[in-house]
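Trainee: Mind looking at a prediction? Sequence and model below.
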Amino acid sequence: MVRAMHSMLATLLFWIVVLMTVTAATFVVVARNILHAAFALAVAFLGVAGIYIFLHADFLAAVQLIVYVGGIIVLVMFAIMFSAHTQEGTVEPRRTWLALGGGALVAGVVLAATIMLINRLQVPLAEANAHADAAYRTTASAAPGEIALGHVLLGEYLLPFEVASILILAALVGAVAIVRKETR
Amino acid sequence: MLSLGLDASAVGWKLLPVLLVFGAVLAVVPLLVYLERKVCAWIQNRVGPNRVGLLGPDGLAQGVLGFSGGGKRILGGLLQPLADAIKLISKEDFIPAQADKFLFSLAPFFALLPPFLTFVVVPVGADLTFGGTTVPLIVADLGVGMLWVLSVSSLAAYGVQLGGWASNSKFSLLGGVRATAQMISYEITMGLVLLSVFMHYDSLSLREIVQAQATYFDPLLGRLAANGLGSWGVWHQPLAALLFVICAFAENNRLPFDMPECEAELVGGYHTEYSSMKFGMFFQGEYIAMLAMGAVISTLFFGGWHYPGYASVAAASPNLAALISLAVLGAKVMIFVLFQMWVRWTLPRFRYDQVMELGWKVLIPLALVNLVVTALVNL
Amino acid sequence: MNWSELSELLPVGVVLAAALVVVFLDLVIAHKDRYALPMVALAGCVLGLGSLIQNYLSLTTYYKQSPPWFSGAAETAAGAFNPLILGGHFSIDLFGFAIAGVALLAGALSVLSSAHEEDDSALSSGEYYGLILLAVAGMMLLGFAHDFLTLLVSLEIMSISTYILAGSRRDLKSGEAALKYLVLGAFSTAFLMMGIAFIYGATGKLSLSEVLIPSEQLVSSAFLIRGGLALLLVGVLFKVGAAPFHFWIPDVYEGAPTGVTGLMATGVKAAAFAVLGRLAFETFGPRYAHDWAWLFAAAAVLTMAVGNFLALRQENVKRMLAYSGIAHTGYLLLGFLVSPNADGIMLADQLQNAVFYLLAYALMTLGAFGVVGLVREDGRRLERLEDFAGLSKEHPGLALCMAMFMFSLAGLPPFAGFFAKFLVFKSAVDAGYVLPAVLGVLTSVASMAYYLRVVRAMYVDPVRATKPGEAPAGARCRYSWTTNLLIYGAGLATILLGLFPSGPTFLLR
C-alpha cells in the first residue's frame, strides 16, 4: 500500500512538473516583458531538469540546472538588465492569422510526430523504467548513469566530443571579435 | 509519521532526516542572528544586545509578570531575535509603485529556497537503527551529490538578480548586476574545485566522500587505519579547501565580498526596497546559506560527521554513535559559521574590480593548476 | 577505435593550427605589420590543401586504388579500401576530399579578397582571419563527417564562425545580416536537430549509412522516421538556401563584407551540399529514391524559378549575385536526384558531376564577388548596376574577367559554367528526371538576361556624367594585388576548366 501511494505521489509530482514546464514555455512565447520571458524560460528549464530526474537521468538534470538555469539564463537576464529601458522592455508582436495558423500547423505536426515517438517507445520505455527502478531500489544510490555516460563520452564518442571543443573555440574567438574595440 | 499511516516502513522513516535537517536549520537561524550581533560586538569591543532577555531589569519576565528576578541581567539579549522577528512581521509590507510586483514578491523565495536545498545531499550523521530498520541520516543520497550542491548554489543568483531588477531602483539594480557577475564568476572556480575533489575521491556522492574520509593509509602501520582526523580531505586537497572557502564567501555575498549589498555605496544593494518579511526572507536566506556552506565545507574537507573513535562507539551502540555524529557535524558547522562572522567583522570590503580580478586572474588559474595536479597524481 | 587514423584528419588540424596562430599573432605584432595576418591565413589554407593532397596520394599508393566516391560504394572485400575511420565517425572518401578541397579553395580566395580591407580594422584583425579558418575547418569536417553527431557539431563550427563573420563590418547592414543569419540559422539547426532526434529515437542509430537499413523497427516507426527525415531535409535545404527556405540569402549576402559573402556563397554552400549529398547517396540511396526524390525535384524546380526570376529585377549587383546563387542551388539539386535503379558506378558519376559543379561555381562566384569588392569610390562601396558603367574603359582587365564570370554563370561555352550545367542536367536526365532538367535548361536561358545586363553596363552603357566635385571616374577601383591575383586566377581557372573539363577528374585518377 505504501508502495502504491509512493508511486501515485510520484505520478502526481510528474504531472505537476510537466504542467509547470509547459505553462512556463507557453509564457516564454506570449510574455510581453522580455525579462518575464527570460524568467519563464528559466522555469521551463527547471521543469525539464525535473523531467530528467523522473527519467533517472540525474546527471543530465544536474547539468541542465548548472548550465541552463544557473548559467545561461542568468547571463541572459544580466544582458537584459544592462540594456536600457528595463521597464519599457516590452515587445509588441505582430500577430497575423497567417503566422498563427502556420505556427499552429508546425506545432501540430511536431506534436503528432512526438506522440508517435512516445507511443512507439512505450514498451521499451516501460521496460527500461522498470529496469532502472529495480537498480535504483536495490543499490539505494543513484543508477550508474553518470559513469556510463563518462565512458561513452570519453570512449566511443571522444572525437565528436573533442570536435565540440573546436566549436567552443570558434564561439570564443567570435565573442572576442564582437566586443573588440576598433583599434583605430 | 506514524499518524500518517505509513508505519515504520522505509518510506516513513525517510521523513525523519527531512524533519531533522530542516527543523534544525530553522531553529538555528534566529540563534545565528543573535550570535552575529554578539560576535560583532565582542570584536568591536562593545556589549551588543543585552536588553531583551528573560530575567533582569528589562527582561520578558518583568514585562509580562512584573518579576524582575534581581538587578542582574541574565542572558540579556537572548530574546533579541524574537523581538526582531516581531518587528519584521509587524512592519508594512511595502512594494514600490513602479516595481515589477510579481517578480518583486517572488525574489525573496529564491533567496530562501536554494540554501535549504543544499542540505538535501548533506549526510548529517551516521545511520540510525530502529528495530531492524536502518535510517540513513541524509535526505537524499543523490549519485550526483556534488553537482547538486553546485546547481542549487547557482540558483541563488536568481533571488538577488530578480530582487534587484524588480525593485526598479538604481541601487537595487546595481546590487543585482554586481551579484550576478560575482556569483557567475566564482561559480566557475567552485566548479573546478569540486571537479578536483571529485577526482580525488572518485565519487560525486557526499555520503561516499564522508566514508572515504573515515579511513586513511597509515604509513607507520602500513595499512588502512580508521581515524577521523588524518584522512580529512583538507590534508589531501588543501588548495581546493582554501579556494572553496573563498568561493563560499563570494557565493553568499558575505564580507569581504559583499559588493551586492555594500551599505556605503548602494544603501542596501538588491534589498534596498524590501521591507517586512520579504526583507526577512533575504535576511534568513543569508544565514541558511552560511550554514549550508559550513555543512558542505565540513563534509568535503573536514570529515563530515566523522570523529575519532567513532568505530569503537559504534561497536558498543550504533545509535549513540549516530547521535554523537550529529553533534559533531553541528559543531563543525558552527565553527565555520563563526569563522565567517569573524572574517566579516575584521576584514575590509574589496573594491569591485578587485573582486573580479581576484576571481578571474587568481582563483580560476589556481583552481586549474589544482585540477591538473590532482589529475596527474591520480593518473 | 584506432587512433592512428587520426592522421587522416591532419589537413583539418593544419587549418586549426593556422587559425590559432593568426589569432595569437594579432596580439604580438605591431599594428603596421598587420598585412602579415592574411598571409598566415593564406599559408594555412595552402598548407591544408597540400596536406589534403598528400593524404590522398598516400592513401592511393597504400591501397593501390583511389578511394571510393562515397563509403557506400566501397568494396566490402577484405583488404579493400575502407573509407570509414575512427569508429565510423568520419569517412575519407573522394566526396569528402573534394568538399574539403573546395572549402580550402574558398577559404583561400576569401582571404585574398579580404586582404585589402585595411581601412576596416575589424576586417583586418586576427580574429577575422581566424574565424575564416575555423569556418573552413568546420566545412572540411563536414565533408568527412559520417554520422549525425559529427555532422551536427561540424555544421555548427562552420555556422557560428560565419554568423560572426557576417557582422564583422560593424555597420547597420552588416549587423542586420549577422542577426538575420544567426536567427534563421539557429532556427534551421533546430529543425535539423529535431529531425536527428526523431531518427535516433526511432532507429537508435547515428551513422548516416545505417539509419535507413531495412529492419522491423523501420517498418513499425515509418511515420516517425518520415517526420524526422522531413525535418532534417528542411534544415538542410535551409542551409543550402533552396526555395522555399531562401529568404535569408539576399539580405545576408548584401550586408556581409564582400569577402565573407564569397565564402558563404561557395564554401558554406559546398559544405551544406556535402550534407545533402551524403543524405541523398548514403542515407536514402536508390532504395528510397521513390520516396524522396520528387521532393528534391520539386525543390530544385522551385529554387531555379524563384532564383532566376527574382534576379531579373535586381539593381544591386551583390543582391543579383545572391539570387543567382539561389538559382545555382536549384541546378545543383538536380545533380542529387538519384534514380531508383542506379548502381554504384552511376551514383559515383553523379556525385562527380555535382562536385565539378561546386568547384566551377566556387571559382566564378568568388571571382565575381572579388570584382564587386574592388569597385568603390571615396572608400564607399559601389554595388549598383549603374556603378559598373564604363568599367571596361577604366579597368579593361577586371571588366574582361567580370564578363567571363557572368558568361560562365549564365552557362555559355566555352567556360566552366557551361560544362558544369551540362553535367548536372545530364545526370538528372540519366537518372530519369527529364522534366526538371528541361525546366533547368529553360530557366538557364532566361538567366542570361540579367547576367548580360552586367556585361552591357560595363561595355555598352555610357560613363556616368561626373558632377563637379566628384572623384574622377578613373579612380573608381582600389588596387589590391591580392584581390587581383584572386580575380585573374579565378578567370584563368574558369577558362581552363571550360576547355579541359576532365582536368580535375584526371587528377583524381
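Mentor: Sure, I can see it.

Trainee: okay, now the domains of chain B?
Mentor: Residue ranges for the domains of chain B, per automatic domain parsing: B:2-47+B:96-377, B:49-90.

Trainee: Just tell me which of these ends up closest to C:Gly267.
Mentor: Closest of the domains of chain B to C:Gly267 is domain B:2-47+B:96-377, at 35.0 Å (criterion: C-beta to C-beta). Placement of C-beta: from N, CA and C, glycine included.

Trainee: quick one: average pLDDT of that closest one?
Mentor: Domain B:2-47+B:96-377 shows a mean pLDDT of 82 in the predicted model.

Trainee: For chain A, what's its nearest residue on the stretch 1-150 of chain C.
Mentor: C:Glu127 (3.6 Å; C-beta to the nearest C-beta).

Trainee: And the nearest residue to B:Gly48 once chain neighbours are set aside, how close does it get to B:Gly77?
Mentor: Spatial nearest neighbour of B:Gly48, chain neighbours left out: B:Ala41 (2.9 Å); criterion: C-beta to C-beta, 6 or more residues apart in numbering or on different chains. Per C-beta to C-beta, to the nearest Å, B:Ala41 is found 9 Å from B:Gly77.

Trainee: list the contacts for the residue of the stretch 1-150 of chain C closest to chain A?
Mentor: A:Val173, A:Gly174, A:Val176, A:Ala177, A:Arg180, C:Val23, C:Asp26 (C-beta atoms under 8 Å, 6 or more residues apart in numbering or on different chains).

Trainee: Helix or strand for the fourth one, just tell me which one.
Mentor: It refers to A:Ala177. helix A:158-179 (DSSP states H and E).

Trainee: Can you list the buried residues in that helix?
Mentor: A:158-160, A:163-164, A:166-167, A:169-171, A:173-174, A:176-177 (16 or more other C-beta atoms under 10 Å in any protein chain shown).

Trainee: one step back: neighbour count winner among B:Ala41 and B:Gly77?
Mentor: Applying other C-beta atoms under 10 Å in any protein chain shown to B:Ala41 and B:Gly77 shows that B:Gly77 carries more neighbours, namely 21 against 16.

Trainee: Next one: the more buried one, what pLDDT does it get?
Mentor: 74.

Trainee: Pull the contacting residues for it.
Mentor: Contact analysis of B:Gly77 by C-beta under 8 Å, 6+ apart lists B:Tyr34, B:Arg37, B:Lys38, B:Gly48, B:Pro49, B:Asn50, B:Arg51, B:Val52, B:Gly53.

Trainee: what do you get for C:Leu112?
Mentor: By C-beta under 8 Å, 6+ apart, the neighbours of C:Leu112 are C:Pro38, C:Leu42, C:Gly370, C:Thr482, C:Thr483, C:Leu485, C:Leu486.

Trainee: Count the residues that sit near the second one.
Mentor: For C:Leu42, the count of nearby residues is 20 (other C-beta under 10 Å).

Trainee: Helix or strand for the residue lying closest to it once chain neighbours are set aside, just tell me which one.
Mentor: Among residues not flanking C:Leu42 along the chain, C:Val111 sits closest, at 5.1 Å (C-beta to C-beta, 6+ apart). Assigned by DSSP H and E, C:Val111 belongs to helix C:94-114.

Trainee: roughly how far is that helix from the heart of the chain?
Mentor: Between the centre of helix C:94-114 and the centre of its chain there are 8 Å (C-alpha atoms, centre = their mean, to the nearest Å).

Trainee: same thing with stretch C:202-209?
Mentor: 27 Å.

Trainee: Give me the phi and psi for residue 68.
Mentor: Going with chain A. phi -80, psi -60 (degrees, to the nearest 10).

Trainee: Chain C was what I was after
Mentor: Dihedral angles for C:Pro68 - degrees, to the nearest 10 - are phi -70, psi 160.

Trainee: before we move on, what about C:Val375?
Mentor: phi -70, psi 120.

Trainee: what number of residues lie near C:Leu172?
Mentor: 9.

Trainee: if I look at it, how far off is C:Lys180?
Mentor: In terms of C-beta to C-beta, C:Leu172 sits 12 Å off from C:Lys180.

Trainee: residue contacts, the residue nearest to C:Leu42?
Mentor: C:Pro38, C:Ala41, C:Leu42, C:Cys45, C:Tyr129, C:Ile132, C:Gly259.

Trainee: just B:Val33 next, same as before
Mentor: By C-beta under 8 Å, 6+ apart, the neighbours of B:Val33 are B:Gln80, B:Pro81, B:Asp84, B:Phe283, B:Tyr287.

Trainee: and it, what helix or strand is that in?
Mentor: Using DSSP H and E, B:Val33 sits in helix B:15-43.

Trainee: list the buried ones in that helix?
Mentor: Applying 16+ other C-beta under 10 Å to helix B:15-43 flags B:16-17, B:20-21, B:24-25, B:28-30, B:32-39, B:41 as buried.

Trainee: Identify the residue nearest the residue of the stretch 1-150 of chain C closest to chain A in space, chain neighbours excluded?
Mentor: Leaving aside its sequence neighbours, C:Glu127 sits nearest to A:Ala177 (C-beta to C-beta, 6+ apart; 3.6 Å).
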